[in-house]
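> whatever this is, show me its structure:
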Amino acid sequence: MSKLPNTSTSIFSVMSQMANQHNAINLSQGFPNFPVDKRLLEISERLLSENIHQYTPMVGLPSLLEKIAVLTQKNYRRKINTSSELLITTGATQGIYTAINALVENGEEVIILDPSYDSYEPSVLVAGGKPVRISLNDDYSPNFNRIESAITSKTKLIVVNNPHNPTGKIWSENDYENLESILDKHPNVILLSDEVYEYISFKHSHISVNSRPKLKDRSVIASSFGKSLHVTGWKVGYLIAPERLMKEIKKVHQFLVFSVNSISQNIIAEYLDVVDFNEVAKMYAKKKALFQNIIKESRFEVLPSEGTYFQVVNYSEISNKNDIDFARELIIKYGVAVIPISVFYKDATDKRMLRFCFAKTDETLLAAAEKLVEI
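Next comes the predicted model:
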């Protein structure tokens with residue numbers, strides 16, 4: 001008997017494989033294809049010859065923990081205890097899985113806001129929990145009437161993702177106030193905030209749960225160096241949570257991975273002294289503008305992208321096909337790989353939306369956009 005009977009190969013792997021088969025430009029899977037910072041490479045080359053190749057402590061490399069604490073204080077004015085409130089994880093996905101499996105008991109409910117990242121539901125199911133999938137509004141803002149109506153005596157967690165994958169939506173101050181008002185009525189519900197794109201926001205600044213006094217002491221917050229530093233293959237992230245929650249998370253973490261890659265932790269710890277996350281956001285803003293300016297000349301409708309490195313478009317003026325079939329056609333006929341948005345919904349809601357990843361070289365974006373304009 002399978003714990004995940006309805007789970008198959010992820011759409012990200014499927015579309016990337018099709019892109020390779022048809023020699024298409026891959027704007028589907030969310031990973032950068034440009035070189036990493038030369039300073040990061042220089043640090044890597046120097047540290048590889050040093051004695052950094054053995055296990056780090058289970059919670060993470062002490063110097064990296066301290067750097068994260070400084071970063072959190074600087075950006076969110078939150079002081080964290082590195083020994084009891086912080087954990088380095090093998091990417092944010094492992095952190096999210098670990099948190100869910102540590103905190104959710106058999107039969108408890110977890111509210112997930114669709115469209116949602118595909119790891120949330122399987123993590124809940126493996127934990128023996130019940131995913132409760134509810135849809136965001138048409139503009140991808142949170143629908144608080146639906147959220148409040150979905151809360152029951154069995155609700156253990158609410159999972160939020162901000163900035164939002166796949167849509168690029170960012171929560172507002174008013175959104176957080178509405179959530180706080182709801183959670184005030186349900187003191188036992190825990191918030192799991194997926195903030196892996198926290199340093200990639202554009203017109204409006206990202207508001208972190210770390211900066212919300214009413215939420216931070218009842219929340220688990222997931223971050224990703226893979227996304228922030230565009231080193232997705234390194235698989236290094238971290239969780240911030242109050243001690244009572246982190247204590248349980250560490251119990252699962254130690255038997256899942258024990259400790260995270262020592263080399264990556266050492267390199268990142270030193271690199272944090274020189275990297276400027278404001279420059280990261282500016283770099284992605286330029287890529288977004290480059291891509292948008294060209295495809296605005298196409299028949300695709302370009303939706304707002306407030307954060308992340310994703311761009312959602314509507315193709316209703318081009319085709320009546322469902323989004324999965326149209327995404328396949330884009331690869332086979334036009335040579336561009338994308339992700340259909342319906343796969344992020346439990347009920348496969350299809351509004352003829354596609355997600356492009358613009359974390360690519362300018363040459364890649366120009367080549368893809370030129371193909372899209374011709375459709």
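> what about the nearest residue to residue 328 once chain neighbours are set aside, which SS state?
Once flanking residues are discounted, residue 328 sits nearest to residue 18: 7.0 Å by C-beta to C-beta, 6 or more residues apart in numbering. All C-beta atoms are positioned from the backbone trio N, CA, C, and that covers glycine. Assigned by DSSP: H, G, I helix; E, B strand; the rest coil, the conformation of residue 18 is helix.
> ok, residue 18 - contacts?
24, 328, 331, 332, 337 (C-beta atoms under 8 Å, 6 or more residues apart in numbering).
> and the strands in the protein?
Using DSSP state E, the strands of the chain run over residues 25-26, 86-89, 109-114, 130-135, 155-161, 190-194, 219-224, 237-240, 301-302, 310-314, 336-337, 339-340, 353-357.
> in TSV: those, plus mean pLDDT, distance to residue 290 and mean neighbour count.
As requested, the strands of the chain are exported to TSV (pLDDT from 0 to 100; distance: least, C-beta to C-beta, whole Å; neighbours: other C-beta atoms under 10 Å):
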stretch	mean pLDDT	distance to residue 290	mean neighbour count
strand 25-26	94	14	22
strand 86-89	98	33	25
strand 109-114	98	30	22
strand 130-135	98	32	17
strand 155-161	98	26	23
strand 190-194	98	27	24
strand 219-224	98	24	25
strand 237-240	98	28	25
strand 301-302	96	13	16
strand 310-314	97	11	23
strand 336-337	94	16	25
strand 339-340	95	20	27
strand 353-357	96	12	26
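> could you dump those strands into TSV with distance to residue 255 added?
Listed next are the strands of the chain as TSV, based on distance: least, C-beta to C-beta, whole Å:
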stretch	distance to residue 255
strand 25-26	36
strand 86-89	14
strand 109-114	22
strand 130-135	24
strand 155-161	21
strand 190-194	20
strand 219-224	18
strand 237-240	16
strand 301-302	46
strand 310-314	34
strand 336-337	37
strand 339-340	33
strand 353-357	34
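> now the longest helix along the chain, how far from the centre of its chain.
For the chain, the longest helix by residue count, based on DSSP state H, is helix 277-295. Put simply, helix 277-295 sits 18 Å off its chain's centre (C-alpha atoms, centre = their mean, to the nearest Å).
> same question, stretch 311-323
24 Å.
> now for the longest helix of the chain, which elements pack on it?
Under the contact criterion of 3 or more C-beta pairs under 8 Å, 6 or more residues apart in numbering; DSSP states H and E, helix 277-295 touches strand 310-314, helix 362-373.
> what packs against the shortest one?
Going back to what we said before, that points to strand 310-314. helix 277-295, strand 301-302, strand 353-357.
> as TSV, those with distance to residue 135 would be great.
Putting these into TSV (distance: least, C-beta to C-beta, whole Å) gives the following:
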stretch	distance to residue 135
helix 277-295	25
strand 301-302	20
strand 353-357	13
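> which of these is buried the deepest?
Burial of the helices and strands packed on strand 310-314 is given as mean neighbour count (mean count of other C-beta atoms under 10 Å); strand 353-357 ranks first at a mean of 26.
> what's it packed up against?
Partner elements for strand 353-357 (3+ C-beta pairs under 8 Å, 6+ apart): strand 310-314, helix 323-329, strand 339-340.
> direction included, what does it pair against?
strand 310-314 (antiparallel), strand 339-340 (antiparallel) (DSSP bridges).
> residue 55 is nearest to which of those?
The closest of the strands paired with strand 353-357 to residue 55 is strand 310-314. By C-beta to C-beta, the value is 35.7 Å.
> the strands paired with strand 353-357 into TSV, with extra columns for distance to residue 303?
Formatted as TSV, the strands paired with strand 353-357 follow (distance: least, C-beta to C-beta, whole Å):
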stretch	distance to residue 303
strand 310-314	5
strand 339-340	14
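> can you say which of those is nearest to residue 371?
Of all the strands paired with strand 353-357, strand 310-314 sits nearest to residue 371, with 13.5 Å by C-beta to C-beta.
> thinking again about what came up before, what lies in contact with the longest helix of the chain?
Contacts for helix 277-295 (C-beta under 8 Å, 6+ apart): 75, 199-202, 228-230, 302, 305, 309, 311, 313, 356, 358-360, 362, 365-366, 368-370, 372-373.
> narrow those residues to those that are buried.
Neighbour-count burial (16 or more other C-beta atoms under 10 Å) applied to these gives 199-202, 228-230, 302, 305, 309, 311, 313, 356, 358-360, 365, 368-369, 372.
> neighbours of the nearest residue to residue 186 once chain neighbours are set aside, just the number please.
Excluding its sequence neighbours, the residue lying closest to residue 186 (C-beta to C-beta, 6+ apart) is residue 151, at 5.6 Å. A count of neighbours around residue 151, defined by other C-beta atoms under 10 Å, yields 17.
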